[in-house]
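# Task: produce atomic coordinates for the following.
(4 chains)
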There are 2 protein chains.
Amino acid sequence: MKPQILIVEDDPQIRRFLRATLEAEGYRFHEALTAAEGIAQAAARHPDLVLLDLGLPDGSGMDVIREIRGWSQMPIVVVSARGQERDKIEALDRGADDYVAKPFSVGELLARMRAAMRRALPQAGVSAGENFRFGEIEVDLQGRVVRIAGNDVHLTPNEYRLLQVLIQHAGKVVTQRQLLNEVWGPQHTEQAQYLRVYVAQLRRKLERDPARPKHLQTEPGVGYRLIVD
Amino acid sequence: MKPQILIVEDDPQIRRFLRATLEAEGYRFHEALTAAEGIAQAAARHPDLVLLDLGLPDGSGMDVIREIRGWSQMPIVVVSARGQERDKIEALDRGADDYVAKPFSVGELLARMRAAMRRALPQAGVSAGENFRFGEIEVDLQGRVVRIAGNDVHLTPNEYRLLQVLIQHAGKVVTQRQLLNEVWGPQHTEQAQYLRVYVAQLRRKLERDPARPKHLQTEPGVGYRLIVD
DNA sequence: CCCTTTCTTAACGCGGCTTTCACACGCGTT
DNA sequence: AACGCGTGTGAAAGCCGCGTTAAGAAAGGG
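Purely as a prediction, here's the structure:
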């Protein structure tokens, strides 16, 4: 199940931008335009993370933090145009998990969101967790379990690490050297044969038709790429 | 008891600055000048938070994050001169809790440290509860008593300690290093043999069929996991 | 001080994982 | 056509991690 984000933001332009960003990442999300609605939706939907703008019209975003913290430890990442130190300190001390000032980089925002959600997982034993899905394949990154159409698939340590690295760069090409370095260490960046063997093994275990891979594709002369729909 | 901070930083000037800052806040702290020493001290002292500089002389600070995350969830706040986006993303994805780029404001750094430590607190909440149950096994965390189907089972100190750590992370994988660090201390994180012996003993005492464990499962190449129904 | 319990260390078998090799295939070049 | 190159595949061999047992050392209690 993909993480569900609640966006609390009144500026239509920023909202559109966040919407596009989260959509591209595959997150599910809902939007609230006011502080009151933000609190209500946070209570109703139990999102995996709240993206909160501090400059809301009907009251300070600080109230949203205080209100939510009264009954939940859900991750709250503040996104604000105001970069003043005292705003940051107040928001963080009231219980926000992170504070990203505009203008911010998309990659950093997403990384900070991932970090906040990762931390929240252990204590909330109920929540499904940060699973990664592509096609009928589901990877439970916390539990280290891979399921294909619901059935558990056993991966060896190296196979799993290889898949992990590919997931980290999902959609993008990962060079052979990079894969070898991450999985086998810097001493083995020349052993491209390892990759051929293990990519084949992964395909046999994950792909419906290993000879015509749908997800784990070869980039000849460069590396491999994990296709996510 | 005041929080204890571990500073991992080679630059004497920044170290002096951090020292003065933390002292003024009333934090206790220790210092490590290299990555290796930082890892060792993190294991030995169990600080409440690690302040980590990424630009260390004897290897990347990234290794420190990866190493510590192998056996502990302690808060790690990166303090770095490098403010590049990819550094931030990499550090956060490897398990850092926050990333503060120099030049930073003192107040913000302290607020982010407080936020990171506040989040870490609830983790200790498991042992405070009442009895822990899984299957026909019941663990009285107060009385340090284990019963299986009503009958008392005697566990040695190390056996109980090992079970305790697994219960604290029930359902999740606990790495070998983490278990070794929690039960035998930071000096013995390489003695995986201890684990094999004691896991076998625990299984013989707790599992109905020790050869096919239902609760105390092995995660090959990683660690062990306590399955709770 | 002796006896019991617990911890540490070593040895060994087993199974599975990793590594390595051999070879087939597609493709572009000679 | 033949060759080189990068890639995919199957299988064999060796290694390594894990589980198990046992014996000696250390610790603790009478």
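# From the rest of the structure, what touches the helix ranked longest in chain A?
Longest helix in chain A, counting residues (DSSP state H): helix A:106-123. Among residues not part of helix A:106-123, those counted as contacts by CB atoms under 8 Å, 6 or more residues apart in numbering or on different chains are A:3, A:5, A:21, A:25, A:48-49, A:51, A:73-77, A:79, A:97-98, A:100, A:127, A:129-130, A:142, B:73, B:85-86, B:88-89, B:92-93, B:95-98, B:119, B:122-123, B:125, B:169, B:172. Every C-beta, even on glycine, is put in place using the N, C-alpha and C of the backbone.
# Weed out the non-buried ones from the residues you listed.
Buried members of the contacts of helix A:106-123, scored by 16 or more other CB atoms under 10 Å in any protein chain shown, are A:3, A:5, A:21, A:25, A:48-49, A:51, A:73-77, A:79, A:97-98, A:100, A:127, A:129-130, B:73, B:88-89, B:92, B:95-98, B:119, B:169, B:172.
# Of these, which belong to strands?
If you go by DSSP state E, those have A:Ile5, A:Leu49, A:Leu51, A:Ile76, A:Val77, A:Val79, A:Asp98, A:Val100, B:Asp98 in strands.
# Now A:Ala36: closest residue in space that isn't a chain neighbour?
A:Asp58 (6.3 Å; CB to CB, 6 or more residues apart in numbering or on different chains).
# Could you check how many residues crowd around the one you found?
12 (other CB atoms under 10 Å in any protein chain shown).
# from memory it sits against A:Ala35, does it?
Yes - contact criterion CB atoms under 8 Å: A:Asp58 and A:Ala35 qualify, at 5.5 Å.
# Chain A against DNA strand C: which residues are in contact?
Within reach of DNA strand C by CB under 7 Å from any atom of the strand, chain A has these residues: A:His154, A:Thr156, A:Pro157, A:Asn158, A:Glu159, A:Trp184, A:Gln191, A:Gln193, A:Tyr194, A:Val197, A:Tyr198.
# Mind checking which of the residues you listed are buried?
A:Asn158, A:Glu159, A:Trp184, A:Tyr194, A:Tyr198.
# quick check, nearest of those residues to DNA strand D?
Nearest to DNA strand D out of these is A:Tyr198 (CB to the nearest atom of the strand; 8.7 Å).
# picking that back up, ok, and which of the buried ones among the contacts of helix A:106-123 reach DNA strand D?
Answer for these near DNA strand D: none qualify (CB under 7 Å from any atom of the strand).
# Surely the residue nearest to A:Ala36 is in a helix?
No - with DSSP: H, G, I helix; E, B strand; the rest coil as the criterion, A:Asp58 is assigned coil and is not in a helix.
# Now do it against A:Asp10, distance only.
Using CB to CB, to the nearest Å, we find A:Asp58 at a distance of 9 Å from A:Asp10.
# who touches both of the two?
In contact with both A:Asp58 and A:Asp10: A:Thr34, using CB under 8 Å, 6+ apart.
# Please tell me the pLDDT value assigned to A:Ala170.
Predicted confidence (pLDDT) for A:Ala170: 89.
# Could you check how far it is from A:Glu23?
15 Å.
# name the element A:Val139 belongs to?
strand A:137-140 (DSSP states H and E).
# next structured bit after that strand?
strand A:145-148.
# List the strands paired with that following strand, with their directions.
In the sheet, strand A:145-148 lines up against strand A:137-140 (antiparallel), strand A:151-153 (antiparallel) (DSSP bridges).
# Out of these, the one nearest B:Val222 is which?
Taking CB to CB, strand A:137-140 is the member of the strands paired with strand A:145-148 nearest to B:Val222, at 13.5 Å.
# For the closest one, which residues meet the burial criterion?
Applying 16+ other CB under 10 Å to strand A:137-140 flags A:Ile137, A:Glu138, A:Val139 as buried.
# Same list (the residues you listed) but as CSV, adding pLDDT and distance to B:Arg225.
Shown next, in CSV, are those (pLDDT from 0 to 100; distance: CB to CB, whole Å):
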residue, pLDDT, distance to B:Arg225
A:Ile137, 92, 22
A:Glu138, 90, 18
A:Val139, 91, 17
